[in-house]
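Peer 1: Here is my input, please return the structure:
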Amino acid sequence: MSEELQNLSRKIQFIKNDILFKENIIAVYMDINDLSDEEFQICYSVMSEEKKHRIDKLRQRSDRIRSVTGDYLMRYLVSQKSGISPESVQIYTEQSGRPAINNSELKVSLSHSGDYVVCACATRNVGVDIEQITQYDDDVATVSCTENELRYIDKNDDKAACFTLLWTLKEAYCKCVGTENFTGPQDVEMSDGEMLFDRINGVKNICIEDFTGYACSLSVEE
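Peer 2: Residues are numbered from 1 along each chain as shown. From the prediction side, this is the model:
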């Protein structure tokens, strides 16, 4: 690993969660405000030409920073797990849209929202999602949630936070199992109206509470 990338790795924060540890999952995050212009260029330089081309098309600087940060976080985690340098990690995109690693059994998942980029890595399918909590919208909730989930939201004082958490649970689950079998968010139910489901069809769902003002969830095959 180059000295520049070693310095950047010190800015990466590990999500400390007992369940993740027991499930042998590594999850990290980074605040995009911590990425300097020089570090952006270093991370950009080790990316594939195809990925660079996609990033160059993004209009918003913040979107470019999130994409470059996410690419590096995936490289960093695979490097930690496999012992190869981040520069040597080869990332491609599956037909389903999920990121994947060439010549590796490791699975990765990536998400970003607002100031944060989150990445998870495991030896089995994994999905992670983070969303910034915004104002609650009844119409959006109605088309996104099942009747049980709407009852669960109604019982919570902070409806915006509750809805956003449910949304991240759905997104993380779909990323874990593959989105090709789903037509919309109501295809996945994450509550019986009283409690959240910590397991669905052999997938474990984990709520991450490391981010103030955000909801974050992770799903992994058991």
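
Peer 1: Am I right that residue 40 sits in a helix?
Peer 2: Yes - under DSSP: H, G, I helix; E, B strand; the rest coil, residue 40 sits within a helix.

Peer 1: per-residue pLDDT, the residue nearest to it when sequence neighbours are not counted?
Peer 2: Setting aside the residues directly before and after it, residue 40 is nearest to residue 68 in space (CB to CB, 6 or more residues apart in numbering), at 5.7 Å. C-beta coordinates here come from the backbone N, C-alpha and C atoms, glycine included. Note for residue 68: predicted pLDDT of 96.

Peer 1: Now find how far off-centre the helix or strand encompassing residue 68 is within its chain.
Peer 2: Here residue 68 is covered by helix 61-82, with elements defined by DSSP states H and E. Distance of helix 61-82 from the chain centroid (CA atoms, centre = their mean, to the nearest Å) equals 11 Å.

Peer 1: ok, residue 82 - contacts?
Peer 2: Applying CB atoms under 8 Å, 6 or more residues apart in numbering, we find residue 82 in contact with 104, 106.

Peer 1: Now residue 164: which helix or strand?
Peer 2: Per DSSP H and E: helix 159-177 holds residue 164.

Peer 1: Which is the succeeding secondary structure element to that helix?
Peer 2: Toward the C-terminus from helix 159-177 - assigned by DSSP H and E - lies strand 199-200.

Peer 1: who does that following strand touch, helix- and strand-wise?
Peer 2: Counting contacts by 3 or more CB pairs under 8 Å, 6 or more residues apart in numbering; DSSP states H and E, there are no secondary-structure elements packed against strand 199-200.
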